[in-house]
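# With the input below, show me the fold.
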Amino acid sequence: MRFAEQWTSSTVVSTRDLTPSIREIVLEPEAAVAACPPGSHINVAVLIDGRPDKRSYSLVGAPERGHLRIAVRLAGDSRGGSRAMWELKPGQRIDITRPTSLFEIDWSRKHYTLIAGGIGVTPMLGIAAALARRGADLTMHYSVRSRADAALHDELTGLLGGRLRIHAGDEGARLDLDATLRALPEGAVAVLCGPLRMLEAARAVWHQAGRPASDLCFETFGSSGRLPTTEFRVRIAATGNEIVVPHDRSMLDALNAAGFEVIFDCERGECGVCALDVTAVDGEIDHRDVFFSDHQKHDSAKMCTCVSRARGTVTIDTLYRPDQLPGAA
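From the prediction side, this is the model:
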């Protein structure tokens, strides 16, 4: 697997609210933390309704004095991970993975723009600091609903000064992605982290502008989508069995819990390993991955089970056949 995990225990050192809906949590791992790339993240083991699960959070800045900082947005439509994280108190123990990065950034360029949407700002502090140390030509665009929602505003302002541009929706200062990306000089690199719609829009503009795909670096958070996060049903084409996917579990988790061993890797909608064939849709699929193209998502012949969801019932082919199912004679 590309994303092999090494787990270690950690202690919650402190917590504080950066905004009314974003809480910073400082962790001290039991094992020493080696240097990690800017924009790295960790996975955290959580208990949701008594059931073990895990969530992924970007590091805020570089590790300092053996401590790791993460920031968690309390999401009303989440699968329960943010609530579990917000309940953590100093002194509690929690298992985490060693930091790793999914950003593939060419650090040798002259021009960069960073674009963050909401909680997507968390990996940008470390990336901005690294680029500033290299003397790169750098600007950062930070899109939020209101200025009060701009977590890490003071740290970013101290680092970037006038190169930080806040786009607050309640002030009418919405980010114009098209104009921002098309204005970049040739050879510039854009680094994004934000909701799925922002990433899809950026990819479309980047492609239309004829820029190299490798110069658009991004990270996703799989809870975002077009439709509300609600319960839906999955029908197995080979057997007719139906599985309910609760609002707080992924389709991947529900299928594996029911004995349909779906292989997976990144669990972020980026690698496509967990994708399955869709044979019928009674409702609508909410594709929350960044693996499939817009055309493939429109056809809905496949879906990434780790992040994508649906409204209604989706019939899939798991490649299992009745004589292969658990308990079959």
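
# which residues of the stretch 201-329 of the chain score low on pLDDT?
Residue ranges of the stretch 201-329 of the chain with pLDDT under 70: 221-224, 319-329.

# I figured Ala310 hits Val281, correct?
Yes: counting by CB atoms under 8 Å, Val281 is a contact partner of Ala310 at 7.3 Å. C-betas here are computed from N, CA, C, even on glycine.

# Please say which of these two ends up with more neighbours.
Ala310 (24 against 16; other CB atoms under 10 Å).

# bridging residues for the closest residue to that one other than its chain neighbours?
Among residues not flanking Ala310 along the chain, Phe232 sits closest, at 4.5 Å (CB to CB, 6 or more residues apart in numbering). Per DSSP bridges, the residues bridged to Phe232 are Val245.

# residues contacting Ala32?
Ala32 sits next to Gly66 when contact means CB atoms under 8 Å, 6 or more residues apart in numbering.

# same check, this time on Ile316
234-237, 276-279, 303.

# Equivalent analysis for Thr97, please.
Thr97 is in contact with 5-8, 42-44, counting by CB under 8 Å, 6+ apart.

# Just give the number of residues close to the nearest residue to Ala150 once chain neighbours are set aside.
Of all residues not flanking Ala150 in the chain, Val144 sits nearest, at 4.9 Å (CB to CB, 6+ apart). Here the number of neighbours of Val144 (other CB under 10 Å) works out to 24.

# before we move on, what about the one 10 residues further on?
Using other CB under 10 Å, Asp154 is surrounded by 10 other residues.

# Can you name the residues in contact with the helix or strand containing it?
Per DSSP states H and E, Asp154 falls inside helix 153-160. Where contact means CB under 8 Å, 6+ apart, the residues beyond helix 153-160 that reach it are 61, 121, 124-125, 128-129, 132, 138, 140, 142, 147, 164, 166.

# Give the other helices and strands that the helix or strand that that helix is followed by contacts.
Later in the chain than helix 153-160, the nearest helix or strand by DSSP H and E is strand 164-168. Helices and strands touching strand 164-168, as assessed by 3 or more CB pairs under 8 Å, 6 or more residues apart in numbering; DSSP states H and E, comprise strand 137-144, helix 153-160.

# in the following helix or strand past strand 164-168, what's buried?
Sequence order places helix 177-182 as the next helix or strand after strand 164-168, per DSSP H and E. Applying a neighbour-count criterion of 16 or more other CB atoms under 10 Å, one finds 177, 180-181 buried in helix 177-182.

# now the helices for this protein?
81-86, 124-133, 153-160, 177-182, 196-208, 251-257, 294-299 (DSSP state H).

# from those helices, which stretch is densest packed?
Ranked by mean neighbour count, the helices of the chain are led by helix 124-133 with a mean of 21 (mean count of other CB atoms under 10 Å).

# now what about that one, what contacts it?
Against helix 124-133 from outside (CB under 8 Å, 6+ apart): 38-40, 59-62, 103, 105, 107, 112, 114, 116, 138, 140, 142, 152, 155-156, 159-160, 191, 193.

# of those residues, buried ones?
Neighbour-count burial (16+ other CB under 10 Å) is assigned, among the contacts of helix 124-133, to 38-40, 59-62, 103, 105, 112, 114, 116, 138, 140, 142, 152, 155-156, 159-160, 191, 193.

# just to revisit the earlier point, and the contacts of helix 153-160, which is closest to Leu74?
Val121 (15.6 Å; CB to CB).

# Leu152 is in contact with that closest one, correct?
Yes: the criterion here is CB under 8 Å, and Val121 meets it with Leu152 at 5.6 Å.

# Dump the contacts of Ile316 into CSV; add distance to Leu227 and neighbour count as well.
Below are those laid out as CSV (distance: CB to CB, whole Å; neighbours: other CB atoms under 10 Å):
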residue, distance to Leu227, neighbour count
Val234, 16, 24
Arg235, 19, 16
Ile236, 22, 20
Ala237, 23, 17
Leu276, 19, 22
Asp277, 21, 13
Val278, 16, 20
Thr279, 21, 14
Met303, 13, 29
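
# give me the number of residues near Gly120?
Gly120 has 25 neighbours, counted by other CB under 10 Å.

# That one and Trp206, how far apart?
Per CB to CB, to the nearest Å, Gly120 is found 17 Å from Trp206.

# now do Ala213
Spatial separation of Ala213 from Trp206 under the definition CB to CB is 7 Å.
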